[in-house]
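S.K.: could you look at this predicted model? Sequence included:
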Amino acid sequence: MEFEAVIGLEVHAQLKTDSKIFCACSTAFGRQANSNTCPVCTGMPGVLPVLNRKVVDFALKAALATGSTVRRESIFARKNYFYPDLPKGYQISQYELPIAEGGFVEIDTKGGRKRINLTRIHMEEDAGKLLHEAEFEQSHFSLVDFNRTAVPLLEIVSEPEIRSPEEGGAYLRMLRDILVYLDICDGNMEEGSFRCDANVSVRPRGQSAFGTKTELKNMNSFRNVEKALEYEIGRQIGAIEEGGQVIQETRLWDVAAEKTVSMRTKEEAHDYRYFPDPDLVPLEIDEGWIEKIRESIPELPLAKRDRFQREYNIPAYDSEVLCQSRALADFFEAAVAVHGNAKAISNLLMTEVLRELNKDRVDITETKLTPSHIAGIVKATDEGVISGKIGKEIFQIVYQTGDDPVKIIEEKGLRQVSDEAAIEKIAQKVIDAHPGEATTYREGKKGVLGFFVGQVMRETKGKANPALVNEILKRLLEP
Ligand SMILES: [Zn+2]
(Lines give C-alpha, C1' and ligand atoms only; values in the text may rest on other atoms or scores of the structure.)
Protein backbone atom coordinates (compact mmCIF):
# COMPACT_ATOMS: atom_id res chain seq x y z
CA MET A 1 0.00 0.00 0.00
CA GLU A 2 1.23 3.45 -0.81
CA PHE A 3 1.04 6.07 1.95
CA GLU A 4 0.88 9.82 1.92
CA ALA A 5 2.02 12.14 4.70
CA VAL A 6 -0.24 14.84 6.15
CA ILE A 7 1.70 17.59 7.90
CA GLY A 8 0.58 20.79 9.60
CA LEU A 9 3.10 23.19 11.14
CA GLU A 10 2.73 25.49 14.12
CA VAL A 11 5.28 28.27 14.28
CA HIS A 12 6.01 30.45 17.31
CA ALA A 13 7.76 33.61 16.20
CA GLN A 14 9.23 35.87 18.86
CA LEU A 15 8.43 39.48 17.97
CA LYS A 16 11.16 42.14 17.89
CA THR A 17 9.42 44.66 20.13
CA ASP A 18 11.48 46.56 22.74
CA SER A 19 9.08 45.80 25.57
CA LYS A 20 6.96 42.81 26.63
CA ILE A 21 3.39 42.21 25.52
CA PHE A 22 1.52 43.33 28.68
CA CYS A 23 4.08 45.40 30.66
CA ALA A 24 6.96 47.83 30.06
CA CYS A 25 9.77 45.36 30.84
CA SER A 26 12.58 45.07 28.30
CA THR A 27 12.74 42.07 25.95
CA ALA A 28 16.56 42.37 25.66
CA PHE A 29 18.25 38.98 25.45
CA GLY A 30 21.20 37.89 27.59
CA ARG A 31 20.55 40.11 30.64
CA GLN A 32 21.12 38.87 34.18
CA ALA A 33 18.44 36.33 35.15
CA ASN A 34 15.19 37.88 36.42
CA SER A 35 16.32 41.46 35.79
CA ASN A 36 13.70 42.07 33.04
CA THR A 37 10.76 41.55 35.38
CA CYS A 38 8.02 43.46 37.18
CA PRO A 39 4.90 42.62 39.20
CA VAL A 40 2.84 42.24 35.99
CA CYS A 41 4.96 39.67 34.16
CA THR A 42 5.68 37.73 37.35
CA GLY A 43 1.94 37.47 38.07
CA MET A 44 1.73 39.30 41.41
CA PRO A 45 -1.80 39.65 42.87
CA GLY A 46 -3.81 42.70 41.88
CA VAL A 47 -1.83 43.73 38.79
CA LEU A 48 -3.41 44.42 35.41
CA PRO A 49 -2.00 43.71 31.95
CA VAL A 50 -1.89 46.53 29.35
CA LEU A 51 -1.58 45.48 25.71
CA ASN A 52 1.53 46.68 23.81
CA ARG A 53 0.25 48.42 20.65
CA LYS A 54 3.43 47.48 18.75
CA VAL A 55 2.60 43.79 19.15
CA VAL A 56 -0.71 44.38 17.39
CA ASP A 57 1.07 46.36 14.62
CA PHE A 58 3.43 43.43 14.09
CA ALA A 59 0.62 40.85 14.12
CA LEU A 60 -1.23 42.95 11.51
CA LYS A 61 1.89 43.06 9.33
CA ALA A 62 2.15 39.27 9.39
CA ALA A 63 -1.57 38.94 8.69
CA LEU A 64 -1.57 41.32 5.72
CA ALA A 65 1.65 39.92 4.25
CA THR A 66 0.08 36.45 4.17
CA GLY A 67 -3.29 37.57 2.82
CA SER A 68 -5.08 36.68 6.07
CA THR A 69 -8.39 38.18 7.11
CA VAL A 70 -8.03 40.49 10.10
CA ARG A 71 -10.76 40.13 12.73
CA ARG A 72 -12.19 43.55 13.65
CA GLU A 73 -12.70 42.24 17.14
CA SER A 74 -10.45 39.67 18.71
CA ILE A 75 -10.23 38.37 22.24
CA PHE A 76 -7.45 37.33 24.60
CA ALA A 77 -8.01 34.09 26.46
CA ARG A 78 -6.39 32.38 29.39
CA LYS A 79 -4.78 29.01 28.71
CA ASN A 80 -4.58 27.38 32.13
CA TYR A 81 -1.83 25.00 33.14
CA PHE A 82 0.76 24.71 35.86
CA TYR A 83 4.48 24.79 35.24
CA PRO A 84 7.24 26.48 37.26
CA ASP A 85 8.15 28.82 34.38
CA LEU A 86 4.59 30.22 34.27
CA PRO A 87 4.09 32.31 37.42
CA LYS A 88 0.44 33.26 36.77
CA GLY A 89 -0.67 29.67 36.31
CA TYR A 90 -2.08 30.61 32.92
CA GLN A 91 -0.73 31.94 29.65
CA ILE A 92 -2.51 34.84 27.97
CA SER A 93 -3.18 33.72 24.41
CA GLN A 94 -5.97 33.91 21.87
CA TYR A 95 -8.33 31.01 21.33
CA GLU A 96 -11.78 31.38 19.82
CA LEU A 97 -11.36 34.80 18.22
CA PRO A 98 -7.74 35.21 17.04
CA ILE A 99 -6.49 38.40 15.37
CA ALA A 100 -6.36 36.81 11.91
CA GLU A 101 -7.70 33.81 10.04
CA GLY A 102 -7.07 32.27 6.62
CA GLY A 103 -4.30 33.50 4.35
CA PHE A 104 -1.51 31.47 2.77
CA VAL A 105 2.20 31.08 2.16
CA GLU A 106 3.42 30.17 -1.33
CA ILE A 107 6.38 27.84 -1.79
CA ASP A 108 8.33 26.52 -4.77
CA THR A 109 8.32 22.71 -4.96
CA LYS A 110 9.58 20.18 -7.51
CA GLY A 111 6.04 20.14 -8.91
CA GLY A 112 5.85 23.94 -9.25
CA ARG A 113 4.49 26.67 -7.03
CA LYS A 114 2.22 25.51 -4.21
CA ARG A 115 -0.01 27.42 -1.83
CA ILE A 116 -0.09 26.32 1.81
CA ASN A 117 -3.16 27.77 3.48
CA LEU A 118 -3.05 29.15 6.99
CA THR A 119 -5.62 28.36 9.66
CA ARG A 120 -4.92 31.29 11.94
CA ILE A 121 -2.46 33.79 13.38
CA HIS A 122 -2.71 34.77 17.03
CA MET A 123 -0.79 36.73 19.66
CA GLU A 124 0.34 35.27 22.96
CA GLU A 125 2.95 35.61 25.68
CA ASP A 126 6.01 33.40 26.06
CA ALA A 127 6.78 31.43 29.22
CA GLY A 128 9.96 31.74 31.29
CA LYS A 129 12.93 29.44 31.19
CA LEU A 130 13.99 26.66 33.55
CA LEU A 131 17.70 26.08 34.05
CA HIS A 132 18.49 22.63 35.35
CA GLU A 133 21.51 21.96 37.51
CA ALA A 134 22.67 19.21 35.17
CA GLU A 135 20.94 16.87 32.72
CA PHE A 136 17.28 16.90 33.78
CA GLU A 137 17.28 13.36 35.22
CA GLN A 138 20.42 14.00 37.29
CA SER A 139 19.43 17.45 38.60
CA HIS A 140 18.66 17.96 42.29
CA PHE A 141 17.22 21.40 41.63
CA SER A 142 16.30 23.80 38.83
CA LEU A 143 16.41 27.58 38.64
CA VAL A 144 13.87 29.74 36.89
CA ASP A 145 14.53 32.88 34.82
CA PHE A 146 11.47 35.05 34.12
CA ASN A 147 13.22 37.40 31.66
CA ARG A 148 11.48 35.66 28.75
CA THR A 149 8.09 35.55 30.52
CA ALA A 150 5.55 37.62 28.54
CA VAL A 151 7.86 38.31 25.60
CA PRO A 152 5.41 38.60 22.67
CA LEU A 153 4.93 35.69 20.29
CA LEU A 154 2.94 35.17 17.14
CA GLU A 155 1.60 31.68 16.65
CA ILE A 156 1.10 30.91 12.98
CA VAL A 157 -0.76 27.67 12.24
CA SER A 158 -0.84 26.06 8.80
CA GLU A 159 -3.57 23.82 7.42
CA PRO A 160 -2.50 20.15 7.14
CA GLU A 161 -1.61 20.65 3.48
CA ILE A 162 2.11 19.90 3.60
CA ARG A 163 2.85 16.55 1.99
CA SER A 164 6.58 15.95 2.46
CA PRO A 165 9.54 16.96 4.65
CA GLU A 166 10.91 19.04 1.73
CA GLU A 167 7.65 20.98 1.49
CA GLY A 168 7.73 21.48 5.25
CA GLY A 169 11.26 22.89 5.03
CA ALA A 170 10.33 25.15 2.10
CA TYR A 171 7.25 26.44 3.97
CA LEU A 172 9.25 27.25 7.10
CA ARG A 173 12.03 28.99 5.19
CA MET A 174 9.53 31.09 3.25
CA LEU A 175 7.58 32.02 6.39
CA ARG A 176 10.84 32.91 8.15
CA ASP A 177 11.90 35.05 5.16
CA ILE A 178 8.54 36.88 5.20
CA LEU A 179 8.78 37.69 8.93
CA VAL A 180 12.40 38.83 8.57
CA TYR A 181 11.49 41.04 5.57
CA LEU A 182 8.71 42.57 7.66
CA ASP A 183 11.36 43.22 10.34
CA ILE A 184 9.12 41.78 13.07
CA CYS A 185 11.16 38.67 14.01
CA ASP A 186 14.86 37.88 13.68
CA GLY A 187 14.02 34.38 12.43
CA ASN A 188 16.81 32.66 14.32
CA MET A 189 15.80 29.03 14.83
CA GLU A 190 18.94 27.97 16.70
CA GLU A 191 18.41 30.72 19.28
CA GLY A 192 14.71 29.94 19.61
CA SER A 193 13.21 33.14 18.23
CA PHE A 194 11.55 31.10 15.45
CA ARG A 195 10.26 27.76 16.76
CA CYS A 196 8.28 25.03 15.08
CA ASP A 197 6.08 22.13 16.21
CA ALA A 198 4.70 19.67 13.67
CA ASN A 199 1.51 17.62 13.51
CA VAL A 200 2.16 14.51 11.45
CA SER A 201 -0.02 11.63 10.29
CA VAL A 202 -0.05 9.21 7.37
CA ARG A 203 -2.90 7.70 5.35
CA PRO A 204 -3.24 5.39 2.36
CA ARG A 205 -2.94 7.49 -0.80
CA GLY A 206 -6.41 8.38 -2.07
CA GLN A 207 -8.06 8.24 1.36
CA SER A 208 -9.55 11.54 2.48
CA ALA A 209 -9.95 10.80 6.22
CA PHE A 210 -6.95 11.70 8.37
CA GLY A 211 -4.91 9.11 10.23
CA THR A 212 -4.01 9.49 13.92
CA LYS A 213 -1.48 12.27 14.34
CA THR A 214 1.49 12.79 16.58
CA GLU A 215 2.94 16.16 17.56
CA LEU A 216 6.69 16.66 17.15
CA LYS A 217 8.66 19.08 19.29
CA ASN A 218 12.26 20.10 19.95
CA MET A 219 13.42 20.70 16.38
CA ASN A 220 15.77 23.67 16.49
CA SER A 221 16.93 23.97 12.89
CA PHE A 222 15.36 23.72 9.44
CA ARG A 223 17.44 20.62 8.79
CA ASN A 224 16.23 19.00 12.01
CA VAL A 225 12.60 19.66 11.12
CA GLU A 226 13.10 17.90 7.79
CA LYS A 227 14.94 14.99 9.41
CA ALA A 228 12.34 14.61 12.18
CA LEU A 229 9.46 14.61 9.67
CA GLU A 230 11.27 12.04 7.52
CA TYR A 231 11.85 9.79 10.52
CA GLU A 232 8.34 10.15 11.92
CA ILE A 233 6.61 9.45 8.58
CA GLY A 234 8.71 6.29 8.22
CA ARG A 235 7.98 5.23 11.79
CA GLN A 236 4.21 5.63 11.38
CA ILE A 237 4.11 3.77 8.06
CA GLY A 238 6.23 1.00 9.62
CA ALA A 239 3.86 0.68 12.60
CA ILE A 240 0.79 0.40 10.34
CA GLU A 241 2.40 -2.06 7.95
CA GLU A 242 3.33 -4.30 10.87
CA GLY A 243 -0.34 -4.40 11.89
CA GLY A 244 0.07 -1.94 14.77
CA GLN A 245 -1.32 1.54 15.13
CA VAL A 246 -0.20 5.11 15.68
CA ILE A 247 -0.93 6.50 19.14
CA GLN A 248 -1.88 10.16 19.51
CA GLU A 249 0.99 11.59 21.51
CA THR A 250 3.68 14.25 21.71
CA ARG A 251 7.11 13.10 20.59
CA LEU A 252 10.48 14.78 20.98
CA TRP A 253 13.15 14.90 18.29
CA ASP A 254 16.34 13.44 19.74
CA VAL A 255 19.04 15.24 17.76
CA ALA A 256 21.88 12.90 18.78
CA ALA A 257 19.99 9.65 18.15
CA GLU A 258 18.26 11.10 15.04
CA LYS A 259 14.86 9.71 16.03
CA THR A 260 11.63 10.81 17.69
CA VAL A 261 10.87 9.53 21.19
CA SER A 262 7.56 9.49 23.04
CA MET A 263 7.17 12.30 25.60
CA ARG A 264 3.54 12.24 26.76
CA THR A 265 0.09 11.46 25.48
CA LYS A 266 -1.27 14.51 23.73
CA GLU A 267 -3.48 16.82 25.76
CA GLU A 268 -6.72 18.11 24.27
CA ALA A 269 -7.75 21.76 24.10
CA HIS A 270 -10.38 21.28 26.84
CA ASP A 271 -7.63 20.26 29.25
CA TYR A 272 -6.56 23.93 29.30
CA ARG A 273 -9.99 25.34 30.23
CA TYR A 274 -9.62 28.32 27.93
CA PHE A 275 -11.81 31.30 28.82
CA PRO A 276 -11.76 35.01 27.85
CA ASP A 277 -9.31 36.99 29.99
CA PRO A 278 -11.48 39.29 32.16
CA ASP A 279 -8.56 41.73 32.62
CA LEU A 280 -8.33 42.62 28.92
CA VAL A 281 -11.05 44.27 26.86
CA PRO A 282 -11.78 42.91 23.38
CA LEU A 283 -9.26 44.24 20.86
CA GLU A 284 -10.93 46.38 18.21
CA ILE A 285 -9.13 47.18 14.97
CA ASP A 286 -10.52 49.74 12.55
CA GLU A 287 -9.96 50.17 8.81
CA GLY A 288 -7.59 53.13 9.36
CA TRP A 289 -5.23 51.02 11.47
CA ILE A 290 -5.20 48.24 8.89
CA GLU A 291 -4.55 50.71 6.03
CA LYS A 292 -1.68 52.34 7.88
CA ILE A 293 -0.01 48.96 8.37
CA ARG A 294 -0.73 47.90 4.78
CA GLU A 295 1.25 50.91 3.52
CA SER A 296 4.29 49.84 5.54
CA ILE A 297 4.53 46.35 3.99
CA PRO A 298 7.64 46.07 1.79
CA GLU A 299 8.02 43.97 -1.34
CA LEU A 300 7.95 40.38 -0.04
CA PRO A 301 10.56 37.69 -0.77
CA LEU A 302 8.64 35.71 -3.39
CA ALA A 303 7.56 38.81 -5.33
CA LYS A 304 11.14 40.09 -5.20
CA ARG A 305 12.50 36.76 -6.47
CA ASP A 306 10.08 36.74 -9.39
CA ARG A 307 10.92 40.35 -10.23
CA PHE A 308 14.70 39.73 -10.10
CA GLN A 309 14.36 36.84 -12.57
CA ARG A 310 12.25 38.95 -14.89
CA GLU A 311 14.01 42.28 -14.59
CA TYR A 312 17.65 41.17 -14.40
CA ASN A 313 17.32 37.95 -16.37
CA ILE A 314 19.10 35.85 -13.73
CA PRO A 315 18.30 32.18 -12.95
CA ALA A 316 15.71 31.19 -10.31
CA TYR A 317 18.49 29.85 -8.10
CA ASP A 318 20.35 33.17 -8.11
CA SER A 319 17.26 35.20 -7.29
CA GLU A 320 16.39 32.83 -4.43
CA VAL A 321 19.87 33.14 -2.89
CA LEU A 322 20.01 36.93 -3.34
CA CYS A 323 16.52 37.47 -1.91
CA GLN A 324 17.13 35.44 1.24
CA SER A 325 18.17 38.69 2.86
CA ARG A 326 16.54 42.01 2.12
CA ALA A 327 19.89 43.74 2.67
CA LEU A 328 21.67 41.48 0.17
CA ALA A 329 18.87 41.96 -2.39
CA ASP A 330 19.09 45.75 -2.01
CA PHE A 331 22.88 45.59 -2.31
CA PHE A 332 22.58 43.58 -5.54
CA GLU A 333 20.17 46.09 -7.07
CA ALA A 334 22.38 49.02 -6.11
CA ALA A 335 25.44 47.33 -7.68
CA VAL A 336 23.57 46.55 -10.90
CA ALA A 337 22.49 50.20 -11.08
CA VAL A 338 26.21 51.12 -11.23
CA HIS A 339 27.26 48.42 -13.71
CA GLY A 340 24.59 46.49 -15.59
CA ASN A 341 26.14 42.99 -15.77
CA ALA A 342 23.61 41.45 -13.37
CA LYS A 343 24.70 37.84 -13.81
CA ALA A 344 28.37 38.59 -13.11
CA ILE A 345 27.48 40.66 -10.05
CA SER A 346 25.19 37.87 -8.84
CA ASN A 347 28.03 35.35 -9.32
CA LEU A 348 30.47 37.43 -7.27
CA LEU A 349 27.89 37.94 -4.50
CA MET A 350 26.88 34.27 -4.35
CA THR A 351 30.45 32.94 -4.22
CA GLU A 352 33.18 35.19 -2.81
CA VAL A 353 30.93 37.61 -0.90
CA LEU A 354 28.60 35.08 0.75
CA ARG A 355 31.57 32.87 1.66
CA GLU A 356 33.12 35.74 3.64
CA LEU A 357 29.80 36.78 5.21
CA ASN A 358 29.11 33.23 6.36
CA LYS A 359 32.65 32.82 7.65
CA ASP A 360 32.47 36.04 9.67
CA ARG A 361 28.76 35.50 10.53
CA VAL A 362 27.87 39.06 9.53
CA ASP A 363 25.27 40.76 7.40
CA ILE A 364 26.46 42.61 4.28
CA THR A 365 25.58 45.95 5.90
CA GLU A 366 28.08 45.21 8.68
CA THR A 367 31.05 45.01 6.28
CA LYS A 368 33.21 47.62 4.52
CA LEU A 369 31.79 46.56 1.15
CA THR A 370 29.71 48.94 -0.93
CA PRO A 371 27.71 48.21 -4.10
CA SER A 372 30.16 50.34 -6.12
CA HIS A 373 33.05 48.13 -4.98
CA ILE A 374 31.41 45.03 -6.41
CA ALA A 375 30.25 46.87 -9.54
CA GLY A 376 33.81 48.22 -9.95
CA ILE A 377 35.42 44.78 -9.82
CA VAL A 378 32.96 43.32 -12.32
CA LYS A 379 33.32 46.35 -14.62
CA ALA A 380 37.12 46.09 -14.62
CA THR A 381 36.83 42.39 -15.48
CA ASP A 382 34.29 43.02 -18.23
CA GLU A 383 36.50 45.69 -19.78
CA GLY A 384 39.51 43.36 -19.81
CA VAL A 385 41.46 45.52 -17.35
CA ILE A 386 41.86 42.55 -15.00
CA SER A 387 41.26 38.80 -15.29
CA GLY A 388 38.55 37.04 -13.30
CA LYS A 389 41.19 35.45 -11.12
CA ILE A 390 42.71 38.81 -10.21
CA GLY A 391 39.17 40.08 -9.63
CA LYS A 392 38.80 37.56 -6.80
CA GLU A 393 42.11 38.65 -5.29
CA ILE A 394 41.06 42.28 -5.45
CA PHE A 395 37.78 41.41 -3.79
CA GLN A 396 39.71 39.97 -0.82
CA ILE A 397 41.65 43.22 -0.43
CA VAL A 398 38.50 45.34 -0.75
CA TYR A 399 36.71 43.17 1.80
CA GLN A 400 39.54 43.56 4.31
CA THR A 401 40.33 47.25 3.75
CA GLY A 402 37.29 48.88 2.14
CA ASP A 403 39.62 50.43 -0.49
CA ASP A 404 38.42 51.29 -3.98
CA PRO A 405 39.13 48.44 -6.47
CA VAL A 406 40.32 50.80 -9.21
CA LYS A 407 42.87 52.28 -6.81
CA ILE A 408 44.04 48.79 -5.80
CA ILE A 409 44.50 47.78 -9.45
CA GLU A 410 46.71 50.79 -10.13
CA GLU A 411 48.68 50.75 -6.88
CA LYS A 412 49.46 47.04 -7.00
CA GLY A 413 50.05 46.98 -10.74
CA LEU A 414 47.38 44.34 -11.30
CA ARG A 415 46.34 45.61 -14.70
CA GLN A 416 46.02 42.69 -17.09
CA VAL A 417 48.78 42.29 -19.66
CA SER A 418 47.23 42.57 -23.10
CA ASP A 419 50.50 43.44 -24.76
CA GLU A 420 50.72 40.84 -27.54
CA ALA A 421 54.48 41.03 -28.02
CA ALA A 422 55.13 40.57 -24.30
CA ILE A 423 52.82 37.57 -24.04
CA GLU A 424 54.22 36.03 -27.22
CA LYS A 425 57.73 36.20 -25.78
CA ILE A 426 56.70 34.36 -22.61
CA ALA A 427 54.61 31.84 -24.55
CA GLN A 428 57.56 31.00 -26.80
CA LYS A 429 59.81 30.56 -23.75
CA VAL A 430 57.29 28.15 -22.18
CA ILE A 431 56.99 26.14 -25.41
CA ASP A 432 60.77 25.91 -25.76
CA ALA A 433 61.05 24.67 -22.19
CA HIS A 434 58.54 21.84 -22.81
CA PRO A 435 59.33 20.30 -26.20
CA GLY A 436 57.68 16.95 -25.28
CA GLU A 437 54.31 18.55 -24.53
CA ALA A 438 54.59 20.68 -27.69
CA THR A 439 55.04 17.54 -29.79
CA THR A 440 52.10 15.87 -28.08
CA TYR A 441 49.94 18.89 -28.95
CA ARG A 442 51.08 18.88 -32.55
CA GLU A 443 50.26 15.17 -32.79
CA GLY A 444 46.64 16.07 -32.07
CA LYS A 445 46.23 15.90 -28.28
CA LYS A 446 44.73 19.42 -28.07
CA GLY A 447 44.02 19.03 -24.36
CA VAL A 448 47.66 19.85 -23.63
CA LEU A 449 46.88 23.49 -24.44
CA GLY A 450 45.51 23.93 -20.92
CA PHE A 451 48.92 23.01 -19.53
CA PHE A 452 50.63 25.72 -21.61
CA VAL A 453 47.99 28.31 -20.66
CA GLY A 454 48.59 27.47 -17.00
CA GLN A 455 52.36 27.88 -17.40
CA VAL A 456 52.02 31.26 -19.11
CA MET A 457 49.59 32.49 -16.46
CA ARG A 458 52.05 31.38 -13.79
CA GLU A 459 54.90 33.23 -15.45
CA THR A 460 52.79 36.41 -15.63
CA LYS A 461 51.46 35.95 -12.06
CA GLY A 462 47.92 35.65 -13.43
CA LYS A 463 47.98 39.03 -15.11
CA ALA A 464 47.99 37.94 -18.77
CA ASN A 465 44.71 38.24 -20.64
CA PRO A 466 43.62 34.57 -20.83
CA ALA A 467 41.80 34.92 -24.15
CA LEU A 468 44.90 36.42 -25.72
CA VAL A 469 47.15 33.73 -24.17
CA ASN A 470 44.96 31.03 -25.72
CA GLU A 471 45.05 32.65 -29.12
CA ILE A 472 48.83 33.21 -29.13
CA LEU A 473 49.65 29.70 -27.88
CA LYS A 474 47.45 28.12 -30.55
CA ARG A 475 49.23 30.12 -33.21
CA LEU A 476 52.73 29.30 -31.94
CA LEU A 477 51.95 25.61 -31.53
CA GLU A 478 50.66 25.16 -35.07
CA PRO A 479 52.89 22.59 -36.83
ZN1 LIG B 1 7.16 43.05 33.36
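M.R.: Cool, got the structure.
S.K.: what about Asp279, which helix or strand?
M.R.: In the assignment (DSSP states H and E), Asp279 maps to no helix and no strand.
S.K.: that one and Gly243, how far apart?
M.R.: Per Cβ to Cβ, to the nearest Å, Asp279 is found 52 Å from Gly243. C-beta: built from backbone N, CA, C; applies to glycine.
S.K.: same drill for these two, tell me which one is more crowded.
M.R.: Asp279 (13 against 6; other Cβ atoms under 10 Å).
S.K.: residue contacts, the more buried one?
M.R.: By Cβ atoms under 8 Å, 6 or more residues apart in numbering, the residues touching Asp279 are Leu48, Pro49.
S.K.: can you pull out the helices in the stretch 151-300 of the chain?
M.R.: Listed in chain order, the helices of the stretch 151-300 of the chain (DSSP state H, counting those that start in this stretch) span 165-181, 222-241, 287-295.
S.K.: counting neighbours, what do you get for Val225?
M.R.: Val225, neighbours per other Cβ under 10 Å, totals 25.
S.K.: do Arg326 as well
M.R.: Quick note: Arg326 (other Cβ under 10 Å) scores 19 neighbours.
S.K.: what residues does the chain have near the ion?
M.R.: Counting by Cβ under 5 Å from the ion, the positions of the chain adjacent to the ion are Cys23, Cys25, Cys38, Val40, Cys41.
S.K.: list the contacts of Phe395.
M.R.: Leu348, Glu352, Val353, Ile374, Ile377, Pro405.
S.K.: ok, Gln396 next?
M.R.: Glu352.
S.K.: can you list the residues of the chain next to the ion in JSON lines and add pLDDT and distance to Leu216?
M.R.: JSON lines is the format used below for the residues of the chain next to the ion (pLDDT from 0 to 100; distance: Cβ to Cβ, whole Å):
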{"residue": "Cys23", "pLDDT": "98", "distance to Leu216": "33"}
{"residue": "Cys25", "pLDDT": "98", "distance to Leu216": "32"}
{"residue": "Cys38", "pLDDT": "97", "distance to Leu216": "35"}
{"residue": "Val40", "pLDDT": "97", "distance to Leu216": "33"}
{"residue": "Cys41", "pLDDT": "96", "distance to Leu216": "29"}
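S.K.: quick check: the farthest pair among those?
M.R.: Across these, the longest distance by Cβ to Cβ is 7.8 Å; it joins Cys25 and Val40.
S.K.: quick check: neighbours shared by the two?
M.R.: With Cβ under 8 Å, 6+ apart as the test, Cys25 and Val40 both reach Ala150.
S.K.: between those two, who's got more neighbours?
M.R.: Cys25 (22 against 19).
S.K.: I'd guessed the more buried one sits against Ser35; true?
M.R.: No. Between Cys25 and Ser35 there is no contact under Cβ atoms under 8 Å: 9.2 Å.
S.K.: tell me the contacts of the residue of the stretch 151-300 of the chain found nearest the ion?
M.R.: The ion sits closest to Val151 of the stretch 151-300 of the chain, with a gap of 9.9 Å, by Cβ to the ion. By Cβ under 8 Å, 6+ apart, Val151 lies in contact with Gln14, Leu15, Lys20, Ile21, Thr27, Glu125, Asp126.
S.K.: out of the residues you listed, which is nearest to the ion?
M.R.: Lys20 (5.4 Å).
S.K.: looking at this structure, which strand is longest?
M.R.: strand 112-125 (DSSP state E).
S.K.: follow-up on the earlier one: want to throw the contacts of Val151 into JSON lines with pLDDT, secondary structure and distance to Gly288?
M.R.: As requested, these are exported to JSON lines (pLDDT from 0 to 100; DSSP: H, G, I helix; E, B strand; the rest coil; distance: Cβ to Cβ, whole Å):
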{"residue": "Gln14", "pLDDT": "97", "secondary structure": "strand", "distance to Gly288": "28"}
{"residue": "Leu15", "pLDDT": "98", "secondary structure": "coil", "distance to Gly288": "22"}
{"residue": "Lys20", "pLDDT": "98", "secondary structure": "coil", "distance to Gly288": "26"}
{"residue": "Ile21", "pLDDT": "98", "secondary structure": "coil", "distance to Gly288": "23"}
{"residue": "Thr27", "pLDDT": "96", "secondary structure": "coil", "distance to Gly288": "27"}
{"residue": "Glu125", "pLDDT": "98", "secondary structure": "strand", "distance to Gly288": "27"}
{"residue": "Asp126", "pLDDT": "97", "secondary structure": "coil", "distance to Gly288": "30"}
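S.K.: in JSON lines: those residues, plus neighbour count.
M.R.: Formatted as JSON lines, the contacts of Val151 follow (neighbours: other Cβ atoms under 10 Å):
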{"residue": "Gln14", "neighbour count": "24"}
{"residue": "Leu15", "neighbour count": "25"}
{"residue": "Lys20", "neighbour count": "26"}
{"residue": "Ile21", "neighbour count": "26"}
{"residue": "Thr27", "neighbour count": "21"}
{"residue": "Glu125", "neighbour count": "25"}
{"residue": "Asp126", "neighbour count": "22"}
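S.K.: ok, Asp126 - contacts?
M.R.: Counting by Cβ under 8 Å, 6+ apart, Asp126 makes contact with His12, Gln14, Arg148, Thr149, Ala150, Val151, Pro152, Leu153.
S.K.: so where's the stretch 251-400 of the chain shaky on pLDDT?
M.R.: The stretch 251-400 of the chain contains residues with pLDDT under 70 at 266-267, 269.
S.K.: can you give me the strands in it?
M.R.: Ranges of strands within the stretch 251-400 of the chain are 259-265, 275-276, 283-284, based on DSSP state E, counting those that start in this stretch.
S.K.: can you add mean neighbour count and give these back as CSV?
M.R.: Shown next, in CSV, are these (neighbours: other Cβ under 10 Å):
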stretch, mean neighbour count
strand 259-265, 14
strand 275-276, 14
strand 283-284, 14
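S.K.: to Val70, which of those strands lies closest?
M.R.: Using Cβ to Cβ, those put strand 283-284 closest to Val70, at 10.6 Å.
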